[in-house]
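A.B. asks: structure for the following, please:
(one chain, ligands or ions: 1)
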Amino acid sequence: MINAADVIASLRARDIENTGHGPLYRRLQVALKAIIDDGVLKVQDALPSERDLATELNISRVTVRNAVRALVEDGVLVQRHGAGTFVAPRVEQALSRLTSFTEDMTTRGLQPGAIWLEKSVGHASPEEAMALNLSPGTEVSRLRRLRTANDKPMALEFAVLPRAFLPSPEDVDKSLYDALARHGKKPDRALQRLRAELFDAETAKILGVPEGSAALYIERRSFLANGTPVEFTRSYYRGDSYDFIAEMQVDAR
Ligand code: GLP
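C.D. replies: This next block holds a predicted model:
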């Protein structure tokens with residue numbers, strides 16, 4: 001349980017009225033986000049009430065409301081009717097299970113969604129041909145989607161698949177893996193590469209996060225049971241929304 005006094009003390013220590021630029025509510029928004037990032041407020045913790053924040057920090061309730069609203073829109077806080085405002089849960093994903101975005105969100109009770117940014121067919125670039133083990137120029141389907149959970153942007157994904165397995169991006173409705181399953185081409189195994197990056201201006205804008213904030217870049221190559229590569233996907237996940245969990249065991253020897 002978080003003590004409201006600790007939150008207020010952390011916010012006071014940041015002296016938002018005399019620090020930073022822009023409207024006061026933006027500075028409060030930045031300070032609230034910082035105390036969440038620093039772990040003063042943890043996932044599922046309740047925020048002190050709007051009235052307490054306003055009184056204790058000596059600012060108007062409208063300023064507090066605007067800062068909280070902006071953080072709710074960013075997906076950092078959630079408001080539960082009648083219960084208050086809480087730090088939003090992060091999505092946890094096991095590193096050892098091959099799952100789709102749709103499955104990951106559904107199992108957490110979140111509503112998966114996708115906003116299409118590109119659907120096209122074309123000839124594999126040298127990089128795509130290498131990743132998918134194709135002869136140069138083989139036809140591929142390309143899908144670029146903004147993935148959302150409860151309408152909140154989570155990741156930007158760019159998937160490339162041989163047309164032999166996905167004849168047209170139009171075959172994909174909500175889930176790529178469902179479409180592949182319908183064609184009898186659902187991946188059986190995958191290799192994933194993860195690395196930390198910072199969002200560039202364009203990607204940050206699409207995901208609605210500040211330029212230069214933390215991103216998790218994930219590249220997935222997945223394979224059919226016979227070892228044929230079926231998918232090459234490059235994704236940028238919001239670093240503030242995702243936890244990847246790996247289970248480890250000591251060597252049995
Ligand atoms: C994850 C993976 C992608 C994969 C996608 C399929 O997001 N990182 O490589 O293409 O799941 O998800 P869906 O079936 O919901 O489209």
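
A.B. asks: write out the residues of the protein neighbouring the ligand.
C.D. replies: Applying CB under 6 Å from any ligand atom, one finds that the chain approaches the ligand through 100-102, 157, 159, 175-178, 218, 220, 231, 233, 235. C-betas here are computed from N, CA, C, even on glycine.

A.B. asks: pull out the buried residues from those.
C.D. replies: For those, a burial check counting by 16 or more other CB atoms under 10 Å picks out 100-102, 157, 159, 175-177, 218, 220, 231, 233, 235.

A.B. asks: let's see which of the residues of the chain next to the ligand end up in helices.
C.D. replies: Of these, the ones assigned to helices by DSSP state H are 101, 102, 176, 177, 178.

A.B. asks: please identify which pair of the residues of the chain next to the ligand lies farthest apart.
C.D. replies: 178 and 218 (20.1 Å; CB to CB).

A.B. asks: and which of the residues of the chain next to the ligand is nearest residue 121?
C.D. replies: When the residues of the chain next to the ligand are compared against residue 121 (criterion: CB to CB), the nearest one is residue 159, at 12.8 Å.

A.B. asks: all helices for the stretch 101-250 of the chain, in order.
C.D. replies: 101-107, 126-132, 176-182, 201-207 (DSSP state H, counting those that start in this stretch).

A.B. asks: reformat those helices as JSON lines; add distance to residue 148 and mean pLDDT.
C.D. replies: Below are these laid out as JSON lines (distance: least, CB to CB, whole Å; pLDDT from 0 to 100):
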{"stretch": "helix 101-107", "distance to residue 148": "9", "mean pLDDT": "89"}
{"stretch": "helix 126-132", "distance to residue 148": "26", "mean pLDDT": "95"}
{"stretch": "helix 176-182", "distance to residue 148": "15", "mean pLDDT": "96"}
{"stretch": "helix 201-207", "distance to residue 148": "10", "mean pLDDT": "93"}
